[in-house]
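1. what follows is a predicted structure for the sequence shown.
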Amino acid sequence: MYSLWWETCNPQEKPTLKKDLETQVLVIGGGMAGILTAYQLQKSGKKVLVLEANRIGSGQTGNTTAKITSQHGLCYHGFLKKIGAEKARLYARGNQAAIQEYENIIKTEQISCDFEKQSSFVYGKSRADLEAEAQAAAFLGLPASLVRENLTLPFPVWGAVKFQNQAQFHPLKFLHALSEHLVIYEHSPVYKVEENTAYTKYGTVKAEQIIFTCHIPFLNFPGAYFARIHQERSYVLALEHGMKTNGMYIGSGEHGFSFRNYGPYLLLGGMGHRTGEDASLPKYQQLRNLAAKWFPKSKELCCWSAQDGITSDGIPYIGPYAKGKQNWYVAAGFQKWGMSTSMVAAMLLRDFILERENPWEAVFSPKRFSTADLSFLCKEGGHSVKGLTRQLLADFQKTGKPPVCPHLGCQLTWNPEEESWDCPCHGSRFDKHGNLLNGPAQTSLSPSCSLKK
C-alpha cells in the first residue's frame, strides 16, 4: 500500500554506507525531522551526515497528510491550563515560525513541491469546546476565529475553529529536493550507538554530536522513550471525484475525520487506534463505506496508513537526549503534527548544537516531567503487562503460540488488513514474513516463530 506521495514521486536511491566515516554531526533517521535538521546545520557551516534504515521519507513522512499548521486539534485551551500562558504561547510561536521557515526554504532553494497557503479548520459539535479553543488560540496570538458558515464538509456540525495562512504541500517532493544538498546513506540501519560512534552492518560513523530523529529512539536506555511514547495508527484514502474543500479539516475528539485536497484528489483520513489494538475491525473498509456514502461518484486511487508517537502532554520531546549523554540529541513524539514540529525540531536542534539561545527550549525539553506523566506511565505499564501476560498464558496453556516482539517480549497481534504483526506494548510492527516495519524493536522476528495466518 503506497501513499499518494510515493505514487507521484519516484526519486533515485542514495548509496548504502560501506565504510567507516567521521563527521561533525550524525543524524540517525531520514524523515522530515532528520533531513530538515541536517539541512539547517549544514547551512550553518557544520559537516553533517544522515543515516537512514530504509529510504528517506519511507516512514511517517511518506504517509502523512502533509498539513503544515500550528493548529494541532483543540490543544491551546488545554495548554493554558496544563503548561500556562507563557509556554503555550511559545509552543504556538514555534509552530507558526515553522510555516514561515518552510516558505523561506522553498523560495531560497526554488523547490517545486506544490506548496500552497490554506486555512485549517477543527470542526465539531460541541459549541463550548470550540468557543473555548478559539478564545484561547486568539489570546495566544494565533490567527484564529470561530466560524459556522461555508464549511465544506459532507455532514452537519455546530462549527469550527479556523486558522488562516496555514499551508499544505507534497512532502516527498520537498524532502528529496532538499536531500540533494546533503550527504545521506540509505539502507544503512544503525544497530548500536556507543558514545560518539554509530554502528551499521558495513561501516561505522564517528561524530562530535549524534541526533536521533528515528520516530522513536531504538535504544531503550537511557531516556526510556519507548515507555514515554505510545504509538497510534490511522488510515487514509486518496479519492478522485471526492469534493473540493476550502481548506484543511480535521474533527475534534478521537474519532474525527481528516479532509484535504491535493490537486484533483481528496484525502479522507481517520479510523485511528492504538497500534496492536482494535486491529480486527476493517479500517479501510469503514473508510470506503463512508466515502461511498458521502461521495458516491468517488473512485479510490490508493490507500495507506500512518503511525504516530503520542506523548503524555501532547508536546514532542526535542533537545538533549538524556543525562550523561552530553552530545546526544533527540526529536520524537510529534503526535499527528509532524510536518510543523519537524521544522520546530530542526531549528531548535540547530540552536542547541550551535550553542544559541532558543526560547522554545523549555517547552519541548525531554527532561520535563509532571503528574500527567505518572498516570501515563502507569497506563503504558498496564498495556505492557497485558501483552506480556497474554504470552505467558499462551506458553502455559501450550496453545498455538503467536510470535512475540523481540523488543521486550510482548505478544504480537495480527493486523489482517495490513498483513502485519503489531505490538500493543510499544508499537513495533512486522510484516507477515517477520521483517521489521516499525521500531522501537531493532530486529526481525525469529524464523522459529509461528507466522502462519
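-> Perfect, I can see it now. Since the model is a prediction, treat every value here as computed from it, not as a measurement.
2. could I get the full set of strands for the stretch 201-350 of the chain?
-> 204-212, 230-240, 248-251, 258-262, 265-274, 299-310, 317-320, 328-332 (DSSP state E, counting those that start in this stretch).
3. immediately after the helix or strand of the chain with the lowest mean pLDDT, which helix or strand?
-> Using mean pLDDT, DSSP states H and E, the weakest-scoring helix or strand in the chain turns out to be helix 371-397, at a mean of 50. Proceeding N to C from helix 371-397, the next assigned helix or strand is strand 413-415, under DSSP states H and E.
4. give the buried residues for that following strand.
-> Neighbour counts using 16 or more other C-beta atoms under 10 Å place 413-415 of strand 413-415 among the buried residues. Just so you know, the C-beta spots here come from the backbone N, C-alpha and C atoms, and that holds for glycine as well.
5. and which of those residues is nearest residue 283?
-> Residue 283 lies nearest to residue 415 out of those, by C-beta to C-beta, at 9.2 Å.
6. identify the bridge partners of that closest one.
-> Note on residue 415: beta-bridge partners by DSSP bridges are residue 420.
7. rewinding a little: tabulate the strands of the stretch 201-350 of the chain (JSON lines), appending mean neighbour count.
-> As requested, those are exported to JSON lines (neighbours: other C-beta atoms under 10 Å):
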{"stretch": "strand 204-212", "mean neighbour count": "21"}
{"stretch": "strand 230-240", "mean neighbour count": "22"}
{"stretch": "strand 248-251", "mean neighbour count": "24"}
{"stretch": "strand 258-262", "mean neighbour count": "20"}
{"stretch": "strand 265-274", "mean neighbour count": "21"}
{"stretch": "strand 299-310", "mean neighbour count": "19"}
{"stretch": "strand 317-320", "mean neighbour count": "24"}
{"stretch": "strand 328-332", "mean neighbour count": "26"}
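8. closest to residue 69 out of those?
-> In terms of C-beta to C-beta, the element of these nearest to residue 69 is strand 248-251, at 6.8 Å.
9. name every strand pairing with that closest one and say which way it goes.
-> Partners of strand 248-251 in its sheet, by DSSP bridges: strand 116-124 (parallel), strand 258-262 (antiparallel).
10. for residue 30, which of these is the nearest?
-> Closest approach to residue 30 among the strands paired with strand 248-251 (C-beta to C-beta): strand 258-262, 22.7 Å.
11. off-centre distance for the closest one?
-> Relative to its chain's centre, strand 258-262 lies at 18 Å (C-alpha atoms, centre = their mean, to the nearest Å).
12. pLDDT of it, averaged?
-> Across strand 258-262, pLDDT averages out at 98.
13. what's the answer for stretch 131-140, then?
-> On average, stretch 131-140 scores 98.
14. from the chain's centroid, how far away is that stretch?
-> For stretch 131-140, the distance to the chain centre is 25 Å (C-alpha atoms, centre = their mean).
15. same thing with stretch 34-44?
-> Distance, centroid of stretch 34-44 to centroid of chain: 19 Å (C-alpha atoms, centre = their mean).
16. contacting residues around it?
-> 25, 27-28, 48-50, 52, 56-57, 105, 175, 178-179, 181-182, 184, 211, 213-214, 331, 342-343, 345-347, 349-350, 353-354 (C-beta atoms under 8 Å, 6 or more residues apart in numbering).
17. quick check: residue 446 touching residue 436?
-> No - if you go by C-beta atoms under 8 Å, residue 446 and residue 436 don't touch, sitting 12.0 Å apart.
18. in the stretch 201-350 of the chain, where is pLDDT below threshold?
-> Confidence mapping of the stretch 201-350 of the chain against pLDDT under 70 gives the ranges 279-280.
19. about what we covered before: quick one: closest of the strands paired with strand 248-251 to residue 136.
-> Each of the strands paired with strand 248-251 was scored for nearness to residue 136 using C-beta to C-beta, and the closest is strand 116-124 (12.2 Å).
20. what residues sit buried inside the closest one?
-> So for strand 116-124, counting by 16+ other C-beta under 10 Å, buried means 118-124.
21. those residues into CSV, with extra columns for distance to residue 76 and pLDDT?
-> Listed next are the buried residues of strand 116-124 as CSV, based on distance: C-beta to C-beta, whole Å; pLDDT from 0 to 100:
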residue, distance to residue 76, pLDDT
118, 19, 98
119, 17, 98
120, 13, 98
121, 15, 98
122, 10, 98
123, 16, 98
124, 14, 97
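22. just the helices in the protein please.
-> For the chain, the helices defined by DSSP state H cover 4-7, 32-43, 76-82, 84-109, 127-139, 171-179, 225-228, 283-294, 338-353, 361-364, 371-397.
23. and the third one, what does it pack onto?
-> Using 3 or more C-beta pairs under 8 Å, 6 or more residues apart in numbering; DSSP states H and E as the contact criterion, the elements in contact with helix 76-82 are helix 84-109, helix 127-139.
24. average pLDDT across the longest one?
-> Rounded to a whole number, the mean pLDDT of helix 84-109 is 98.
25. just the buried residues of that helix, please?
-> For helix 84-109, by 16+ other C-beta under 10 Å, it's 87-99, 101-102, 105-106.
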